[in-house]
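Engineer: my questions are about this predicted structure, shown below with the sequence.
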Amino acid sequence: MPRARANGLELEYETFGDPAHPPIVLVMGLGAQMITWDTGFCELLAARGFQVIRFDNRDIGLSTWLDDLAVPELSAAGQADAPYLLSDLADDTVGLFDALGLVKAHVVGASMGGMIVQQLAIDHPDRLLSVTSIMSTTGDPSVGQTSPAALATLTRPPAKTRAEAIEQSIANFRTTGSPGYPASGEYLRHKATRAYDRAVHPAGTLRQAMAILASGDRTERLRDVRLPALVVHGDSDPMIDLSGGKATAAAIPGAELVVLPGMGHDLPEPLWPEFVAGIVRTTARARAEDTPGTGPAT
């Protein structure tokens with residue numbers, strides 16, 4: 001896979017589709033590698049007339065690990081001592097735009113990735129064509145609550161062996177996944193094994209988590225966003241409950257909210273057509289640009 005020099009880091013990325021088509025940059029969530037955007041989903045988007053770009057965020061996957069930074073801890077007051085913020089991850093994404101020669105792009109983020117694309121819309125609206133936030137929230141601590149079972153998946157000590165890590169991941173997937181679209185054991189084992197064998201970096205996941213906690217509430221700043229926006233959320237999400245998606249859509253003027261029954265905190269294949277239809281609908285709202293690679297999709 002290629003790597004791009006961006007914001008002083010190296011970001012691993014992969015592209016699908018025709019480079020002449022409008023770009024969509026996919027931003028993944030906490031501790032999740034770019035392969036969590038399934039290849040089939042990327043190809044489905046590319047078939048709708050987009051150049052699709054997925055990448056590993058900093059401190060995860062095959063992008064730069066920042067192990068020279070301290071492993072953060074929560075203070076007694078509960079405030080995160082974070083070595084970087086979501087705004088830094090948003091800047092990384094813009095750095096990827098620059099490295100790939102993208103003047104503007106559509107962005108789609110899932111979970112923490114949704115938080116990052118919200119931050120992009122706040123900090124870099126001139127670089128965006130549209131924003132899609134999936135299973136995410138605004139940073140307002142009163143919304144987007146996590147169930148005790150889902151919280152336990154985030155706070156377990158790191159596994160000591162490959163086999164233990166794979167079994168732990170499978171259990172986590174079952175806890176947070178979509179009850180209306182349960183994945184097969186074979187699929188979950190393949191997913192967990194592939195992720196472990198590609199890269200394992202618990203310290204990076206912890207730093208990303210602290211970035212979420214330290215970045216605060218985006219609600220008021222989102223009210224100034226003037227971009228076509230889509231918010232997608234499941235009604236059965238144990239990691240970030242539906243109130244997080246509703247708050248996000250309420251904060252962004254003109255945002256469309258799509259609530260999917262039976263969806264949890266994952267991207268189940270039976271719902272890919274729903275995701276793609278919403279993304280295409282949202283990108284069609286964006287003004288066509290003369291710049292190559294930023295025109296409307298078909």
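Structural biologist: Received, thanks. Residues are numbered from 1 along each chain as shown.
Engineer: centroid residue for the chain?
Structural biologist: Gly113 (2.3 Å; CA atoms, centre = their mean).
Engineer: can you tell me the helix or strand for that residue?
Structural biologist: Using DSSP states H and E, Gly113 maps to helix 112-123.
Engineer: may I see the buried residues of that helix?
Structural biologist: Using 16 or more other CB atoms under 10 Å as the test for burial, helix 112-123 gives 112-122. (C-beta placed from N, C-alpha, C; glycine too.)
Engineer: stretch 269-289 now?
Structural biologist: 271, 275-276, 278-280, 282-283, 286.
Engineer: would you turn the residues you listed into a markdown table with secondary structure and distance to Leu85?
Structural biologist: Shown next, in a markdown table, are the buried residues of stretch 269-289 (DSSP: H, G, I helix; E, B strand; the rest coil; distance: CB to CB, whole Å):
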| residue | secondary structure | distance to Leu85 |
| --- | --- | --- |
| Leu271 | helix | 31 |
| Phe275 | helix | 28 |
| Val276 | helix | 31 |
| Gly278 | helix | 28 |
| Ile279 | helix | 27 |
| Val280 | helix | 32 |
| Thr282 | helix | 26 |
| Thr283 | helix | 28 |
| Ala286 | coil | 27 |
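Engineer: could you dump the residues you listed to JSON lines with pLDDT and distance to Ser243?
Structural biologist: Shown next, in JSON lines, are the buried residues of stretch 269-289 (pLDDT from 0 to 100; distance: CB to CB, whole Å):
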{"residue": "Leu271", "pLDDT": "98", "distance to Ser243": "20"}
{"residue": "Phe275", "pLDDT": "98", "distance to Ser243": "21"}
{"residue": "Val276", "pLDDT": "98", "distance to Ser243": "25"}
{"residue": "Gly278", "pLDDT": "98", "distance to Ser243": "20"}
{"residue": "Ile279", "pLDDT": "98", "distance to Ser243": "23"}
{"residue": "Val280", "pLDDT": "97", "distance to Ser243": "27"}
{"residue": "Thr282", "pLDDT": "97", "distance to Ser243": "22"}
{"residue": "Thr283", "pLDDT": "97", "distance to Ser243": "27"}
{"residue": "Ala286", "pLDDT": "91", "distance to Ser243": "28"}
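Engineer: for those, give me a markdown table that also has distance to Gly61.
Structural biologist: Output for the buried residues of stretch 269-289, formatted as a markdown table (distance: CB to CB, whole Å):
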| residue | distance to Gly61 |
| --- | --- |
| Leu271 | 24 |
| Phe275 | 22 |
| Val276 | 24 |
| Gly278 | 26 |
| Ile279 | 23 |
| Val280 | 27 |
| Thr282 | 27 |
| Thr283 | 26 |
| Ala286 | 29 |
